[in-house]
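Peer 1: got a structure for you, letters missing:
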């Protein structure tokens, strides 16, 4: 079954994470990096949830990744694939949808790349992924 | 300091309704409270501590203390989703040990069935101020696809099969056939489960719990009061609680917070998983049970599929009789929160008051375990070890 495009709900943009969504508007996927413990985390926070330091900044990531797990939601009007994707060059996984794909051909470990999906109204685009 | 032996569960009540169109939410709470107090042989005027969670209306303990006419010197509205009521038992034991109260009432109630809630298939927005919501809600996470991702990863890492998961529902259905209040009373087979409609891969309709209205209540009392009541003595022997989350993005869906709350509870109780005669295990989905059985130490991580297969959870034939009321999978999952009924059935077993067809002989040591929130994102685990004296 080929995934139909869904109109996604616009994310709530709050002051702490607006830069993440501004990057998305520009087609870039960023993740928060902590200069103190030299590790990424997700979702982005000002204070690093790993080490507790506030020396954190956004860094652009490659936009490539690998499916950690997924589940195709079938008992809904438009079936869709939920997933966690582990981002290349990091040890962090983000919740997302796998789009523009055959919903019956997805696999854990599959290589994917970011593709931004439109949201309702004037909302910023969402980082979704599609098989490479 | 330990809570081992500092408090007893003297009253336990499960509301018989499964669809409460003609009742208010506060009324359900009060009916549950009344049932548990009558079970204990106490009245509302004996209650000096009250515990409720996010299912309570308004400002929780304030709204319901007012509604029920309670005069209190201790209250607690700890909210960890469906596991809240197991946490409440532990916190009530702590408060009793410190002399902050001596008769604690815990209530749960809800009416998702009457309200037509799409519990498992509609995304829930916990509010834009929840920091995870902007990064998750727009992708349409639901309870079923989040647990589906846990099951997919478990299958990938350990070779767990849908048929093994189905055995959990089969066992629950064997128990529910003896419960006249259960939503689903028919015995099902592995084939019935795997041939039921797919909700979200790899979870079929029969891998999911029921949606039901109702609730339950517990009365936790001091040892001095417990010994004056004409009820079997069910002692709180150990407790553990822990949140598990995404750990800053290092997502690991293969285990639950039971890996932390379980060992803490067993250590406080001074017993081992092998000593347990009966287990109430949170069963929002079949995969929930399987992961927690591993994390509580009943088998090695990854061996849960083999452990639950071939009827090993069925009372009378299996090694680990579980959820003998039919559990959330078949009997009742009031307010979309299964923690209260886990404690209630454990108390029934320890008192020897379970249905004779499912009563575990000489049941003197039980575990009740709950998970609240979502195993796929963030959840609160709570484990209780209970003993009949």
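Peer 2: Noted; the coordinates are in hand. Because the structure is predicted, anything quoted here is derived from the model rather than measured.
Peer 1: which SSE is immediately downstream of the host helix or strand of residue A:66?
Peer 2: Following DSSP states H and E, one finds residue A:66 within strand A:64-73. The helix or strand immediately downstream of strand A:64-73 is strand A:80-87, counting by DSSP H and E.
Peer 1: just want the angle from that following strand to strand A:64-73.
Peer 2: 160 degrees (axes from the mean of the first three to the mean of the last three C-alpha atoms, to 10 degrees).
Peer 1: gap between strand A:80-87 and the chain center?
Peer 2: Centroid displacement of strand A:80-87 relative to its chain, using C-alpha atoms, centre = their mean, to the nearest Å, is 8 Å.
Peer 1: so what pLDDT did the residue nearest the centre of chain B get?
Peer 2: With distances taken as C-alpha atoms, centre = their mean, residue B:339 lies nearest the centre of chain B, 2.2 Å away. The model reports residue B:339 with a pLDDT of 98.
Peer 1: how far away is it from chain A?
Peer 2: 24 Å (C-beta to the nearest C-beta, to the nearest Å). From N, CA and C alone the C-beta is placed, and that goes for glycine too.
Peer 1: so which residues on the stretch 201-350 of chain B come close to chain A?
Peer 2: Contact residues (C-beta under 8 Å from any C-beta of the partner chain) of the stretch 201-350 of chain B with chain A: B:201-203, B:205, B:246-251, B:253.
Peer 1: now with 7 Å?
Peer 2: Contact residues, the stretch 201-350 of chain B versus chain A (C-beta under 7 Å from any C-beta of the partner chain): B:201, B:248-251, B:253.
Peer 1: ok, which pair from those residues is furthest apart?
Peer 2: Of all pairs drawn from those, the greatest distance, 27.1 Å, lies between B:201 and B:248 (C-beta to C-beta).
Peer 1: so which of those two has more stuff around it?
Peer 2: residue B:201 (25 against 21; other C-beta atoms under 10 Å in any protein chain shown).
Peer 1: what average pLDDT does stretch A:81-94 get?
Peer 2: Rounded mean pLDDT across stretch A:81-94 is 98.
Peer 1: which stretches of the chain form strands?
Peer 2: Reading this off chain A. For chain A, the strands defined by DSSP state E cover A:30-34, A:39-41, A:56-60, A:64-73, A:80-87, A:93-98, A:111-117, A:126-131.
Peer 1: oops, chain B please
Peer 2: B:8-14, B:49-51, B:74-76, B:103-110, B:198-200, B:203-204, B:214-221, B:234-244, B:278-281, B:365-373, B:379-388.
Peer 1: by contact count, what packs against the second one?
Peer 2: If I follow you right, that is strand B:49-51. strand B:74-76, helix B:84-97, strand B:103-110 (3 or more C-beta pairs under 7 Å, 6 or more residues apart in numbering or on different chains; DSSP states H and E).
Peer 1: would you reformat those as CSV and include mean pLDDT?
Peer 2: Compiled in CSV, these are given as follows (pLDDT from 0 to 100):
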stretch, mean pLDDT
strand B:74-76, 98
helix B:84-97, 98
strand B:103-110, 98
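Peer 1: out of the ones you listed, which one sits most buried?
Peer 2: Most buried of the helices and strands packed on strand B:49-51, by mean neighbour count (mean count of other C-beta atoms under 10 Å in any protein chain shown): strand B:103-110, with a mean of 29.
Peer 1: any idea how far residue B:302 is from chain A?
Peer 2: Counting by C-beta to the nearest C-beta - residue B:302 and chain A are separated by 15 Å.
Peer 1: can you pull the pLDDT of that residue?
Peer 2: 98.
Peer 1: hmm, stretch B:103-119 in reach of chain A?
Peer 2: No. Judged by C-beta under 7 Å from any C-beta, stretch B:103-119 stays clear of chain A, getting no closer than 9.4 Å.
Peer 1: quick check: residues of the stretch 51-200 of chain B near chain A?
Peer 2: Counting by C-beta under 7 Å from any C-beta, the residues of the stretch 51-200 of chain B near chain A are B:121, B:128, B:131-142, B:145, B:148-149, B:152-153, B:156, B:197-200.
Peer 1: if any of the residues you listed are buried, put those into a PyMOL selection.
Peer 2: Restricted to buried positions by 16 or more other C-beta atoms under 10 Å in any protein chain shown, the PyMOL selection for these reads:
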select buried, chain B and resi 121+133+134+135+136+137+138+139+140+141+142+145+148+149+152+153+156+198+199+200
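Peer 1: helices along the stretch 201-350 of chain B, start to end?
Peer 2: B:223-226, B:258-269, B:286-295, B:304-308, B:339-351 (DSSP state H, counting those that start in this stretch).
Peer 1: the last one to strand B:103-110, inter-axis angle?
Peer 2: Relative orientation of helix B:339-351 with respect to strand B:103-110: 130 degrees, computed using the same axes, to 10 degrees.
Peer 1: what sits up against stretch B:244-260?
Peer 2: If you take C-beta atoms under 7 Å, 6 or more residues apart in numbering or on different chains as the criterion, stretch B:244-260 is touched by A:40-42, A:49-50, A:68-69, A:84, A:91-94, B:149-150, B:153-154, B:157, B:240, B:242-243, B:291-292, B:295-296, B:301, B:369, B:371, B:375-381, B:383.
Peer 1: which of those are buried?
Peer 2: A:40-42, A:49-50, A:68-69, A:84, A:92-94, B:149-150, B:153-154, B:240, B:242, B:291-292, B:295-296, B:369, B:371, B:375-381, B:383.
Peer 1: just give the nearest non-adjacent residue to residue B:150, would you?
Peer 2: residue B:253 (4.5 Å; C-beta to C-beta, 6 or more residues apart in numbering or on different chains).
Peer 1: report how many residues lie close to the one you found.
Peer 2: 25.
Peer 1: quickly note the distance from it to residue A:65.
Peer 2: 16 Å (C-beta to C-beta, to the nearest Å).
Peer 1: repeat that for residue B:266.
Peer 2: Residue B:266 is 38 Å from residue A:65, by C-beta to C-beta.
Peer 1: so for these two, which sits in the more crowded spot?
Peer 2: residue A:65 (27 against 22).
Peer 1: residues touching the residue nearest to residue B:72 when sequence neighbours are not counted, list them.
Peer 2: In space, and not counting its chain neighbours, residue B:72 is closest to residue B:50: 5.4 Å by C-beta to C-beta, 6+ apart. Neighbour list for residue B:50: B:61, B:65, B:70, B:72, B:75, B:105 [criterion: C-beta under 7 Å, 6+ apart].
Peer 1: who does residue B:50 form a beta bridge with?
Peer 2: residue B:75, residue B:105 (DSSP bridges).
Peer 1: okay, it: pLDDT?
Peer 2: In this model, residue B:50 carries a pLDDT of 98.
Peer 1: can you tell me how far it sits from chain A?
Peer 2: For residue B:50, the distance to chain A - C-beta to the nearest C-beta - is 34 Å.
Peer 1: then residue B:344?
Peer 2: 31 Å.
Peer 1: ok, now which ones touch that residue?
Peer 2: B:12, B:14, B:216.
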